[in-house]
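Trainee: Please work out how this folds:
(one chain, ligands or ions: 1)
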Amino acid sequence: MTRDAVIEADVGVVGAGPGGMAAALRIASSGLSVVVLDEGARPGGQIFRQLPEGFAHASPPTEPPSHGAGHELLHALTGSKVSVESHATVWDARAPRGDDLGCLWFEQGVASRALRCKAIVLAPGAMDRCVPFPGWTLPGVITAGAAQVMVRGYGIKPGSRAVVAGSGPLLLPTVTALVSAGVKVVAALESAPRRAALRALPGVLRSGARLREAFFYARQLWRSGVSLQFSRAVFAVEGDGRVQRAVIGQLDREGNPIASTAKTVDADVVCTGFGLVPSIEIGQRLGCRATWNEARGGWHIEALDFGATNVDRVFAVGEIAGIGGSEVAIAEGRAAGELVCAQLQQRGALTHVRDRSRAVRAAADAMLRAFSVPRGVYSLVKDGTIVCRCEDVNAKAVRDASALHGDSLRAIKMGCRAGMGPCQGRICAPSVQAIASRGSTRAWDEPVVQIPLKPVRTSTILDAPKV
Ligand SMILES: Cc1cc2nc3c(=O)[nH]c(=O)nc-3n(C[C@H](O)[C@H](O)[C@H](O)COP(=O)(O)OP(=O)(O)OC[C@H]3O[C@@H](n4cnc5c(N)ncnc54)[C@H](O)[C@@H]3O)c2cc1C
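Mentor: Below you'll find the model as predicted:
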């Protein structure tokens, strides 16, 4: 079947996760046409990820209560007029202006296509934050998110003996996903101190959904016999060509490793997750203002009420507007959907959806403030530890470049090529700057955006519809 190179809709949505689905359903229910573009095989996003067609779980992972909302969204999507374009990677974008339609250029298979629309809702989510340590580039070291993608998204067991380490609420779903897949979790290490969990409590108590989720994970951990150990981290990973051992130990109050507590455990997979970093490139490309908030994952697109950005008819919901979880993404998606309809249909917007999104966002902020990355963990990085994987740049080169040229990302990039490879610093920028600034807590530089926003074929760019 040949598909039109250029399609049109009232509204284009980027991302079929909870935020994008909630926005699209609200918009379609008002009779407006809406197309959702998602690079995944099926809608669901990170948390409500569905197995690809033809895959099945040998033993399906136990689902937390939050997944009920995901089933509802996916079911509603099937019965709706929302058009979902899967395997569609958006690599460039232009905002609507006056009577000119906005445009989202995307690659789908070998086709180079474009979606023209009157308004754009951005819900591209986030990516794992990686913190380097000696041995982190060995095969078998994966992010906490990748472990979940393997288990829940493809029914694949990443190993048989796992160490899970990092910081923040995502460690719990990672442990339970691995356990349900039959992986033995030999250690689950939270680098924040136990008091962080207590500091997160007010945010958990302010949301019924989050409280149910916390009980679910507490019960799952208790059943599996795995206990979360606070102020602990992986100091190093060792092995002959792949992970065979992890050196783990205790951290002091600043997160610095206490060498005398180090001990070695056998493991064939190490899953690390230090929270998420919002994927803001597409918002920046459209001219949306980004702002810094460490608890929300650093740089995120500044979203005002109803997800509106500083760019007319461009909205940002969910993780792009700051890490907050699926409940926030759904509430913000609905609120943005409401304002899009109100603007395009020239009526007032219902305020209760905005009030709900404000309340769940405030609760998420209160919880996530407790789990910032302890700066001391960067002292695990040795001179020879690779920091930028794309360009094979080690920590010494980063430190030398920053001593010569200053600690801005741009200066370091020019000095040693860190952040110059295919990921364009999306993976290494937070660690490059933390290492260069020797653990200072100041905001790192706002990342510079380039097209293509995601890696695509050269022919996709050359054949891009001229609209
Ligand atoms: C790897 C990972 C695992 C997670 N696991 C859990 C968990 O177990 N429990 C939990 O509570 N929370 C989890 N989270 C957090 C949770 O996924 C989010 O809070 C929630 O899904 C946010 O919803 P969203 O709609 O903002 O984005 P997402 O759900 O991330 O959806 C974004 C969608 O946008 C698509 N996309 C991104 N860029 C483009 C582009 N350029 N072109 C086309 N499509 C694009 C992606 O394919 C994705 O489907 C996880 C996050 C990550 C990154």
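
Trainee: can you list the domains in this structure?
Mentor: Domain segmentation of the chain under automatic domain parsing yields 6-127+277-368, 130-273, 381-436.

Trainee: Dump those domains into TSV; add mean pLDDT, distance to the ligand and mean neighbour count as well.
Mentor: Just so you know, the C-beta spots here come from the backbone N, C-alpha and C atoms, and that holds for glycine as well. Listed next are the domains of the chain as TSV, based on pLDDT from 0 to 100; distance: least, Cβ to the nearest ligand atom, whole Å; neighbours: other Cβ atoms under 10 Å:
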stretch	mean pLDDT	distance to the ligand	mean neighbour count
domain 6-127+277-368	95	2	21
domain 130-273	93	2	19
domain 381-436	91	11	20
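
Trainee: among the ones you listed, which is nearest Ala443?
Mentor: domain 6-127+277-368 (4.0 Å; Cβ to Cβ).

Trainee: Figure out how far the closest one is from the centre of its chain.
Mentor: Centre-to-centre, domain 6-127+277-368 and its host chain are 13 Å apart (Cα atoms, centre = their mean, to the nearest Å).

Trainee: Span of it from start to end?
Mentor: Counting by Cα to Cα, to the nearest Å, you get 41 Å between the two ends of domain 6-127+277-368.

Trainee: again, but for stretch 254-261
Mentor: With Cα to Cα as the measure, stretch 254-261 spans 16 Å from end to end.

Trainee: How far does that stretch sit from its chain's centre?
Mentor: 28 Å.

Trainee: still on that earlier bit, any chance of the domains of the chain in a markdown table, with distance to Pro452 too?
Mentor: Shown next, in a markdown table, are those (distance: least, Cβ to Cβ, whole Å):
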| stretch | distance to Pro452 |
| --- | --- |
| domain 6-127+277-368 | 4 |
| domain 130-273 | 22 |
| domain 381-436 | 10 |
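
Trainee: Look up the residues forming beta bridges with the nearest residue to Arg194 once chain neighbours are set aside.
Mentor: Nearest in space to Arg194, with sequence neighbours left out and distances taken as Cβ to Cβ, 6 or more residues apart in numbering, is Phe230 at 4.1 Å. Per DSSP bridges, the residues bridged to Phe230 are Glu190.

Trainee: Make sure Phe230 is actually in contact with Glu190.
Mentor: Yes: contact status for Phe230 versus Glu190: in contact at 5.1 Å, counting by Cβ atoms under 8 Å.

Trainee: Helices of the stretch 251-400 of the chain, start to end?
Mentor: 281-285, 326-344, 351-368, 395-405 (DSSP state H, counting those that start in this stretch).

Trainee: Show residues contacting the first one.
Mentor: The reference is to helix 281-285. 14, 90, 92-93, 122, 124, 290, 301, 309, 314, 316, 320, 426, 446-447, 449, 451, 453 (Cβ atoms under 8 Å, 6 or more residues apart in numbering).

Trainee: residues shared between the contacts of Phe230 and Glu190?
Mentor: 196-197.

Trainee: and stretch 333-353, C-alpha only, in CSV?
Mentor: Provided in CSV are the C-alpha atoms of stretch 333-353 (Å, rounded to 0.1, in the frame of the first residue of the first chain):
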residue,chain,number,x,y,z
GLY,A,333,-2.6,15.3,28.3
ARG,A,334,-6.3,15.8,29.0
ALA,A,335,-5.8,19.4,30.0
ALA,A,336,-3.8,20.2,26.9
GLY,A,337,-6.4,18.4,24.8
GLU,A,338,-9.1,20.5,26.4
LEU,A,339,-7.3,23.8,25.6
VAL,A,340,-6.5,22.7,22.0
CYS,A,341,-10.2,22.1,21.4
ALA,A,342,-11.2,25.3,23.1
GLN,A,343,-8.8,27.3,20.9
LEU,A,344,-9.6,25.6,17.6
GLN,A,345,-13.4,25.7,18.3
GLN,A,346,-13.2,29.2,19.8
ARG,A,347,-14.8,28.5,23.1
GLY,A,348,-13.7,28.7,26.8
ALA,A,349,-11.7,25.8,28.3
LEU,A,350,-13.1,23.8,31.2
THR,A,351,-10.9,24.5,34.2
HIS,A,352,-11.4,21.4,36.3
VAL,A,353,-9.0,19.4,34.0
